[in-house]
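> Prediction below, plus the sequence it came from.
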Amino acid sequence: MSLILPKFEYYKPSTLDEALELLAKFKGDARILAGGTDLIVDLRSRIKKPKAVIDIKGIKELHKLEYIEGKGLIVGATVTLNELLEHPIVKSKFHVLYDSVRQLADMQLRNRATLVGNICNASPAADSAPALLVLDAKVKAVSKRGERVIEIKDFFKWVKKTALEPDEMVTEVFIPEPPEGSRGKYYKATRNVEDLAIVGVAGLVAYPNEPSKRIVRLAYASVAPTPIRIYEVEELFKRDEPLPKLIDEAVNIALRKVSPITDVRGSDWYRRHLVDVLTRKLLIELFLEG
Amino acid sequence: MDFYGEVVSLTFKVVGKSIPRIDGLIKASGEAQYAFDLEIPGMLWAKLVRSTIAHGIIKKIDYSEALKVKGVVAVVTGKDLPYKLGIYVGDRDVLAVDRVLWYGQPVVAVVADSLEAAEEAAEKVVVEYEPLPAVLDPEEALKPDAPLLHPKLGEYRRAPGFNPIPGTNIASKYELKKGDPEKAFKEADVVIENKFKAPMVSHVYLETMNVIAWYHRDGTIEIWSSAQSPFAVRYLMSASLGIPLHKIIIHRPFIGGGFGGKAGLNLEPLVALLSKHAGYRPVRLLLSREENFYIAPVRTGIIAYIKTGARKDGRIIAHDSTYIFDSGGYADYAVNVARAAWYKCTGPYDIPNVHCISMAVYTNKVYATAFRGFGHMEFHWAVERQLDILAHELGIDPLEIRLKNALLPGKGVLPTGEKLREDAGRLDQCLIEAAKAIDWGKPPEKPKEPWKVRGKGIAALYKGPAEPPNAAASAIVKFNEDGSVDVLVGTTDYGQGTITSLAQIVAEELGLPIEKVHVRFYLDTDANAYTWQTVGSRSTFQDGNAVLMAARDAKRKILEIASQVLHVRPENLELRDEKVCVKGEPWECVSLQEVVFGYTYPNGHTVGGPVIGVGYHMPERRTYLDPTTGRAPDGSPGAPTIFITFGAQAVEIELDLLTGKVEILRYAGAFDIGKAINPLLVKGQIYGGAVMAMSLGLFEELKYGKDGRLLNPNLTDYKVARAGDIPKKMIPIIIENPQADGPYGARGLAENVMIALPAAIANAIYNATGVNIYEMPMTPENILKAIKEQKPELIEKAKKALMEYLEKKG
């Protein structure tokens, strides 16, 4: 890791159009700078050597954090994680998002890091991703050619790879109103109090005691090349069977679906174990709360 | 009575008071200057090119492209710097010559007029290697067919008492015997044998290593360095480069942490020589955190084998241990770490029959150096775990077995045959107080969640400074015109609080308010008083004694002058409230200000002059040790340390059986430090040391790939405790049984607060689960793995409890 940054052209556009113009011009050789908490590290270590860095903090319209009753929450690209946590509606309505962002990195980093940056970095360990997955978030990708909406489940393609085209950037994430009566939670296993997830599990549960209406969603970080939601468990919980039995089955499905690796943070054995116990713990708590 | 025949007052005005550290404000405000902050006009930047293999021969170095980079002033290789460095064994190249010994070892240095140019040029240097088999495990390195790291080991310069074994990877080896261990093992009711391990770890001081050096045209070298022991840097540079001491000046600004990692000679000679190669221009080398992980020395790892023989009643009669310390590529301090663990091999227990081997072994990793605790945490990890295992085997309470075997003053005999002095610290008191503080004997409360368990653990410790028997300290106390004083010492305060406690000693002795005492924060080797090093928790004791002597010397000079003014003998005068007064007639005084620069009579005549007190401290009656016996060279008992600080550390923990995560619910540390010069700062050490020890015990480990590459050279994956990890309840306990030759009876403390805590945590884990942990760090995964191997049913039970929780509550 170098002490200094590599050479690059630095742009700080004040409008989205200018930013999109630059992205088109550099054809994938430009990087977006918002919080910079991932980008600067990658620049110092020369993992990324872009020709240009486009600082979007000067684009006012991207600093949008808006809740539309009955619709959902819009989080602009330059909204920091701490700004998100301070928004009262996030805490009261979007529990799982609040819970995951609360545990993301540390206070200093959350002062700079953004939600959009966290998903665009596309780390398998991204803490906000499992929460956004269970909330069915939608990502707005914009380029000079126009704009499109990418479902969050289609956004992550591989380790550090997203569905974005080289000339596209994410301007905002839309998070629809969570299902009525739902509760959400994020469990994160770490080595010490501030760490990347060894395993992260996000869960969302509604109507735990009414099998036909019951909603259960589970998504994971750090157990596969991308954050993943395990849809296969969701039908299961519509069955009118004892919850412990359903939980056992859900855990078995989850264990079949994950493909953790052994790395410096944990072994595949330990990660699988955590998938087992954290899934159980999370579901039990959500069922009991409901 | 002190050595001027005065009755020492038992009531102190300044000593024993909790004064906030006197360097605190300028550190907090950012005004304190560190080597990082300094700049010299015209200063050049150096950048190092590091080895990309763990072991091999350097075939070719091509830096022609680097020289073409604009701004490059010089490119230097190991061959250009034909010196061998080393504190105890002269085995270290300034830059690798011919052979590289670890992944990341500096091979080439580039000097340029900007950091950018230096980095660009460094990337253009091409080094070709012929890889050799690498050995990463010290036990593997001991095998006869292991690759040899130092084929010329026999030719290196070495200090007395160190014992490298040529033709092997053993950088130094020690052995001692006390009593008849073979016979005692036969007589023992129980014999247990275990193997324990601890990994290499990083100091993670806040300020990474950085040096500015200026080789002047007149042959003097000036160095600004983040170094703990500037006089050692000067001495070792002088010895290695053949330059007289007065030609080398080390400037030591504030330093951002050290923990032993900056105790020795590190980058200073390299940067000094780069300055010369760059045409006598000042050069800066500053390591990034990642570079620091690859280049800067680390703490030794250990593999420890212990065999213990005991009677049914818990009395230990025989101890046999082999400590294999991982030294990395060079010997540096690791050979002395292994030595310190050797002569204290039994832990703080009085065992009649002992056989101990200890050694430092070369491996293809970054070299190891001093680390707060100096090997003692590593071998206490083994000794204190072993003792608990023995206690459980015998069905004896872990506290009781410790009390039964504790080394006690005036009775206990150390492994080197030395009898423990009569005024030594009381381990039994430490144990009892620490245990009491966590309600030892009372079962822990039930955790709220049924998949968690709680347990209590205790471990004991002892340590004194590991230093040569002639390691000196000195001090100068200079009076100023207004009766204030400047104090010059050689020690470095990088957080211990020494500067404040030394000021308190001076204020106490001279009857001054603390505000009138200035201890110089910054240090220059050509201006400050000498001390051997800032290591081993020696400063309060040695520099404290030197300051005490210097203050008393100044006082004697003041009384001599005042005696002529007040017309009474000096012994009938006393210093009080910044005045010199006649004893018994406190209204007959002359102000301090009137006499400390000589007294001027009304007619202009003078008597006396500016008062400067000098003092020193030398270890007394300490000996060298024969590395094959542990005795003094003449065969009498070996006496290595000037004091021993005993302590006990106890914890109550909660363990999550689902994840393996441990939380310390409460911690109590009791230490017999003789006298707390400043209780506030003593408590600060106890708290800080506990957090650091917990971090080492639970999180920290340098992880290496099979190819010898460091896998976690950053603070993302080298985990260090953060604020949120700090135990919520910590109970510091200060015990004061004074030692006659300590300043006001004081002993050192800064390392002792670390040593036994990881073992106490592991002992508490056993108490909670019946599972033994043999290896640090106790990460959740490692703990869970141990449970799975030894008591898998606990995990299943916890899972069941979790599911029942749903049924019960749901």
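Great, that's in hand. On a predicted model such as this, the values are computed, not experimentally measured, just so you know. Numbers count the residues shown, from 1 in each chain, chains lettered A, B, ... in the order given.
> Quick check: phi and psi on A:Leu274?
phi -70, psi -40 (degrees, to the nearest 10).
> OK, contacts around it?
Residues near A:Leu274 by Cβ atoms under 8 Å, 6 or more residues apart in numbering or on different chains: A:189, A:198-199, A:266, B:659. Where C-beta positions appear, they are placed from N, C-alpha and C, glycine not excepted.
> farthest pair in those residues?
A:Gly266 and B:Thr659 (11.0 Å; Cβ to Cβ).
> joint contacts of these two?
Going by Cβ under 8 Å, 6+ apart, residues that sit against A:Gly266 and also against B:Thr659 are A:189, A:274.
> Give me the phi and psi angles of A:Ala224.
Torsion angles, degrees, to the nearest 10, at A:Ala224: phi -160, psi 170.
> A:Ser123 is in contact with that one, correct?
No - counting by Cβ atoms under 8 Å, A:Ala224 stays clear of A:Ser123, with 11.9 Å between them.
> tell me which parts of the stretch 1-150 of chain A are close to chain B?
Counting by Cβ under 8 Å from any Cβ of the partner chain, the stretch 1-150 of chain A comes close to chain B at A:1-4, A:45, A:106.
> how about a cut-off of 10 Å?
A:1-7, A:41, A:44-46, A:106-107 (Cβ under 10 Å from any Cβ of the partner chain).
> In this structure A:Ser14 contacts A:Ile54, no?
No - using Cβ atoms under 10 Å as the test, A:Ser14 is too far from A:Ile54 to be in contact (11.8 Å).
> Of the two, which one has the most company?
Remark: of A:Ser14 and A:Ile54, A:Ile54 carries more neighbours, 24 against 11, as counted by other Cβ atoms under 10 Å in any protein chain shown.
> ok but that one is inside a helix, no?
No - looking at A:Ile54 with DSSP: H, G, I helix; E, B strand; the rest coil, it is strand, so not inside a helix.
> Distance check, it against chain B.
22 Å (Cβ to the nearest Cβ, to the nearest Å).
> In contact with that residue, which residues?
A:9-13, A:18-23, A:26, A:30-34, A:169 (Cβ atoms under 10 Å, 6 or more residues apart in numbering or on different chains).
> Can you check the pLDDT for it?
Predicted confidence (pLDDT) for A:Ile54: 98.
> what pairs with it across the strands?
A:Tyr11, A:Ile32 (DSSP bridges).
> Outline the domain layout of chain B.
B:24-32+B:470-617, B:35-132+B:209-286, B:298-467+B:626-797 (automatic domain parsing).
> For A:Tyr270, which of these is the nearest?
domain B:298-467+B:626-797 (4.4 Å).
> What's the end-to-end length of stretch B:580-590?
5 Å (Cα to Cα, to the nearest Å).
> buried ones in that stretch?
B:580-582, B:589-590 (16 or more other Cβ atoms under 10 Å in any protein chain shown).
> Go through those residues and say which is closest to A:Leu81.
B:Val580 (65.4 Å).
> Would you confirm that the closest one belongs to a helix?
No - counting by three-state DSSP, one finds B:Val580 to be strand, located in no helix.
> show me what contacts it?
Shown in contact with B:Val580 (Cβ under 10 Å, 6+ apart): B:511, B:555, B:558-559, B:561-563, B:565-566, B:570, B:573-574, B:588-592, B:594-596.
> Closest approach to chain A from the stretch 651-800 of chain B, which residue is it?
B:Gly724 (3.5 Å; Cβ to the nearest Cβ).
> Compute the distance between that residue and B:Ile653, please.
With distances taken as Cβ to Cβ, to the nearest Å, B:Gly724 is found 17 Å from B:Ile653.
> and what of B:Glu515?
Using Cβ to Cβ, B:Glu515 is found at 44 Å from B:Ile653.
> Between the two, which is the more surrounded one?
B:Ile653 (26 against 10).
> Without its sequence neighbours, what residue ends up closest to the more buried one?
Closest residue in space to B:Ile653, ignoring its immediate chain neighbours: B:Ala764 at 4.4 Å, by Cβ to Cβ, 6 or more residues apart in numbering or on different chains.
> Tell me how many other residues surround residue 50.
Picking chain A for this. Neighbours around A:Pro50, by other Cβ under 10 Å: 19.
> if you could check chain B rather than the one you did, that'd help
18.
> again with B:Glu445
B:Glu445: 11 neighbours (other Cβ under 10 Å).
> In three-state terms, label A:Asp276 for me.
helix.
> Looks like it contacts A:Pro260 (just checking).
No - using Cβ under 10 Å, A:Asp276 is not in contact with A:Pro260, being 11.7 Å away.
> quick one, which of those two is more surrounded?
A count of neighbours by other Cβ under 10 Å puts A:Pro260 above the other of A:Asp276 and A:Pro260, at 22 against 19.
> just the domains of chain B: most buried one?
domain B:298-467+B:626-797 (a mean of 23; mean count of other Cβ atoms under 10 Å in any protein chain shown).
> averaged over its residues, what pLDDT does that one have?
pLDDT averaged over domain B:298-467+B:626-797 gives 98.
> Setting aside sequence neighbours, what's the nearest residue to the residue of the stretch 101-250 of chain A found nearest chain B?
Residue nearest to chain B within the stretch 101-250 of chain A: A:Val193 (3.5 Å; Cβ to the nearest Cβ). Computed as Cβ to Cβ, 6+ apart, the closest residue to A:Val193 that is not its neighbour in sequence is B:Gly724, at 3.5 Å.
> I'd like the distance from stretch B:196-204 to the chain centre, please.
Relative to the centre of its chain, stretch B:196-204 is centred 14 Å away, using Cα atoms, centre = their mean, to the nearest Å.
> what's the strand or helix carrying B:Tyr174 packed up against?
Element membership for B:Tyr174, per DSSP states H and E: strand B:170-178. In terms of contacts (3 or more Cβ pairs under 10 Å, 6 or more residues apart in numbering or on different chains; DSSP states H and E), strand B:170-178 is packed against strand B:316-328, helix B:334-343, strand B:353-362.
> Spell out which parts of the stretch 201-350 of chain B neighbour chain A.
B:208, B:286-291, B:293-294.
> And these, which is closest to chain A?
B:Glu290 (3.7 Å).
> Please, which helix or strand holds the closest one?
helix B:289-295.
> and that helix, which residues are buried?
In helix B:289-295, counting by 16+ other Cβ under 10 Å, buried: B:290-295.
> Would you map the strands across the stretch 1-150 of chain A?
For the stretch 1-150 of chain A, strands defined by DSSP state E, counting those that start in this stretch occupy the ranges A:9-11, A:30-33, A:52-55, A:65-68, A:72-76, A:138-143, A:146-151.
> closest one to B:Lys124 among these?
Closest to B:Lys124 of the strands of the stretch 1-150 of chain A, according to Cβ to Cβ: strand A:9-11, at 23.0 Å.
> List the buried residues for that closest one?
Neighbour counts over strand A:9-11 (16+ other Cβ under 10 Å) mark A:Tyr11 as buried.
> just to revisit the earlier point, spit out the residues that contact A:Asp276 and A:Pro260 alike.
With Cβ under 10 Å, 6+ apart as the test, A:Asp276 and A:Pro260 both reach A:Val199.
> Pretty sure B:Phe643 sits in a strand.
No - checked against three-state DSSP, B:Phe643 lies outside a strand; its state is coil.
> Helix or strand next in line after the biggest helix by length in chain B, which one?
Counting by DSSP state H, the longest helix found in chain B is helix B:544-566. Following helix B:544-566 in sequence order, the next helix or strand is strand B:573-576 (DSSP H and E).
> Give me the contact list for that next one.
With Cβ under 10 Å, 6+ apart, strand B:573-576 has contacts from B:6, B:13, B:509-512, B:554-555, B:558-560, B:562-563, B:565-566, B:580-584, B:586, B:588-590, B:592.
> Could you check how many residues crowd around residue 135?
No chain specified, so I'll use chain A. The local packing of A:Leu135 (other Cβ under 10 Å) involves 27 other residues.
> My question was about chain B, not that one.
24.
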